[in-house]
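Enquirer: Make a model of this:
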Amino acid sequence: MSFLLLHGWQNRRPPGHWHHWLAGELAAAGRHVTYPQLPEPDQPVLADWLAALRTHLAALPDGERTVICHSLGCLLWLHAAAAGEVLTPVDRVLLVAPPGPDVTAGIPEIAGFQAPHVTAGQLDTAARNTRLVCSDNDPYCPSGAAADYGVPLGIPTTVLAGAAHLDMEAGYGSWLSIRDWCLSGSPDTPLTA
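Expert: Residues are numbered from 1 along each chain as shown. As a prediction, this is how the structure comes out:
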């Protein structure tokens, strides 16, 4: 199993974030983990992030490959799928707390990441299984990621009550169920708060 973790806007991979914790847990379990610092996290450029994604996907070893995206990293994945940039499909993708279209459009630094027109078929071409986990009170997705992404794209969705943006401020440092989801190899392993 190998894992690629894609962070969001203004994220410099802080040790207290669940992504950082998860990278350590997966590595300790003997899994190959890539947790890159994407270019210019404060002023991200979609083309640069897509180039980095292509590079990191190409470097993943053979075998089961899983991509775990948080926040703006989710929109990066959607852009890659829509543009046919994922040349070899991965096994699983987990989209965690993608920002909503209105929020993305309203922040000049990330407006270029506005969710593309992507179809369920394009997602299926990029990954054998895609899953969404979000909350019912994410300030970065007021209308709810289930409504913005899950339902329109037919993505199985887990909505966690009161989990906000599923970030450090919401208490997501160590997150046992995401580690269990990763190590299980199954897209159907439950994700809980």
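Enquirer: okay but residue 40 is in contact with residue 46, surely?
Expert: No: using Cβ atoms under 8 Å, residue 40 is not in contact with residue 46, being 11.1 Å away. Just so you know, the C-beta spots here come from the backbone N, C-alpha and C atoms, and that holds for glycine as well.
Enquirer: Of these two, give the one with the bigger neighbour count.
Expert: For residue 40 against residue 46, the residue with the higher neighbour count under other Cβ atoms under 10 Å is residue 46, and the figures read 19 against 11.
Enquirer: any idea how far that one is from residue 114?
Expert: Between residue 46 and residue 114 the distance is 9 Å, computed by Cβ to Cβ, to the nearest Å.
Enquirer: what's the spatially most central residue of the chain in contact with, if anything?
Expert: If you average the C-alpha coordinates of the chain and look for the closest C-alpha using Cα atoms, centre = their mean, you land on residue 69, 1.3 Å from that point. By Cβ atoms under 8 Å, 6 or more residues apart in numbering, the contact list for residue 69 reads 5-6, 76-77, 93-96, 98.
Enquirer: hmm, 6 Å instead?
Expert: Residues in contact with residue 69, defined by Cβ atoms under 6 Å, 6 or more residues apart in numbering, are 6, 77, 95.
Enquirer: before we move on, what about residue 137?
Expert: Residue 137 is in contact with 162, 164, counting by Cβ under 6 Å, 6+ apart.
Enquirer: any idea how far it lies from residue 104?
Expert: Relative to residue 104, residue 137 is positioned 18 Å away (Cβ to Cβ).
Enquirer: now do residue 36
Expert: 22 Å.
Enquirer: do residue 116 as well
Expert: 11 Å.
Enquirer: the helices in the chain, which residues?
Expert: Counting by DSSP state H, the chain forms helices over residues 18-28, 46-59, 72-82, 101-106, 120-126, 145, 151-153, 176-184, given from the N-terminal end onward.
Enquirer: State the pLDDT value of residue 148.
Expert: What the model reports as pLDDT for residue 148 is 97.
Enquirer: Now it: closest residue in space that isn't a chain neighbour?
Expert: With Cβ to Cβ, 6 or more residues apart in numbering as the measure, residue 100 is the residue that lies nearest to residue 148, at 5.3 Å, once sequence neighbours are left out.
Enquirer: got it, and residue 114?
Expert: If you skip the residues right next to it in sequence, residue 114 has residue 104 as its closest partner in space, 5.2 Å away by Cβ to Cβ, 6+ apart.
Enquirer: Tell me which of the helices of the chain lies nearest to residue 166.
Expert: Smallest distance to residue 166 across those (Cβ to Cβ): 7.4 Å, for helix 18-28.
Enquirer: Measure how that closest one sits relative to helix 176-184, angle-wise.
Expert: Using axes from the mean of the first three to the mean of the last three Cα atoms, to 10 degrees, the inter-axis angle of helix 18-28 relative to helix 176-184 is 40 degrees.
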